[in-house]
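Colleague: For reference, the sequence and a predicted model appear below.
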Amino acid sequence: MPFNIDLHTHSFFSGDGVSSPEDLITAARAKNLHGFAITDHNTCEAVTYLLEKGLMREDGKPVDDFLIIPGVEVTTAEGHLLCIGATLPYLKGKPAREVCDLIHEAGGFAIPPHPYDLFRAGIRFSTLETLPIDAIEVFNAATTLRRYNKYAFKYAQLRGLPMTAASDAHHAAAVGTAYTILNTDDFSVKGILTQITKSNELTQRYLTPRDSMRKTWNNWLRLRRRRPAVAAKRSKKGS
């Protein structure tokens, strides 16, 4: 059976996310998604939250026919790297190769999102060549320039890597803009991970200009929130 899964989403547990996990679920259901991976930046707090709310299960099975896959988007030393299917401790700044190994040790898949995107910390070709990745995100609905998706697609073809598509949603309205259709009889985290390594159909749509502007605005607000904190730390060090 085919399942529509968005493999890259963010909640308000990300510094630049604005929607609650519940709002993401509501929006995803309205768009006929069967599930999504929750991949907040450098934190798995949303996974803990969802488990406590009974919206996820420890055994990786769906809740009310909706599957949430644990994950995290790690800001490695060389760029962003998705962990799909597992949780990780705080690893920001660690080498991408080390993060890949830790993802595999945890039972997850390592998938570089928006590679080549010069404006969004995509992992570059020279580093990709050295990484034992399981798949690659060839379509990111929020990519800065559309040619970056084309570069990722060509690289996946050359290396023979499985391909994924995702929204990279940072607010509920953007969930499901793009997603991966995974055909499996095992509708669970384990079953979805197994299917990711095979050939899958990709639904590819870009964020609307409005959604893109909203994402840019969220990033600006995140940076504004960080600046006072950084200034306070520097002031404290100098005193």
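Modeller: Done, it's in.
Colleague: Which secondary structure element is home to the closest residue to residue 37 other than its chain neighbours?
Modeller: Sequence neighbours aside, residue 69 is the residue nearest to residue 37 in space, at 4.0 Å (criterion: Cβ to Cβ, 6 or more residues apart in numbering). Where C-beta positions appear, they are placed from N, C-alpha and C, glycine not excepted. Assigned by DSSP states H and E, residue 69 falls within strand 67-76.
Colleague: Could you export that strand as CSV, CA atoms only?
Modeller: The C-alpha coordinates for strand 67-76 follow below in CSV (Å, rounded to 0.1, in the frame of the first residue of the first chain):
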residue,chain,number,x,y,z
LEU,A,67,2.7,7.6,11.8
ILE,A,68,5.2,10.0,13.2
ILE,A,69,8.8,9.0,12.6
PRO,A,70,11.4,10.2,15.1
GLY,A,71,14.3,12.2,13.8
VAL,A,72,16.5,15.3,14.0
GLU,A,73,18.3,17.7,11.7
VAL,A,74,21.9,17.9,12.9
THR,A,75,24.0,21.0,12.1
THR,A,76,27.3,19.2,11.5
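Colleague: how far does that strand sit from the chain's center?
Modeller: 6 Å (Cα atoms, centre = their mean, to the nearest Å).
Colleague: let's number from 54 now, not from 1
Modeller: Sure, I'll start numbering at 54, so the last one becomes strand 120-129.
Colleague: What's the mean pLDDT across it?
Modeller: Taken as a whole, strand 120-129 has an average pLDDT of 98.
Colleague: Tell me the spacing between residue 207 and residue 123.
Modeller: For residue 207, the distance to residue 123 equals 30 Å [Cβ to Cβ, to the nearest Å].
Colleague: Great, nothing more from me.
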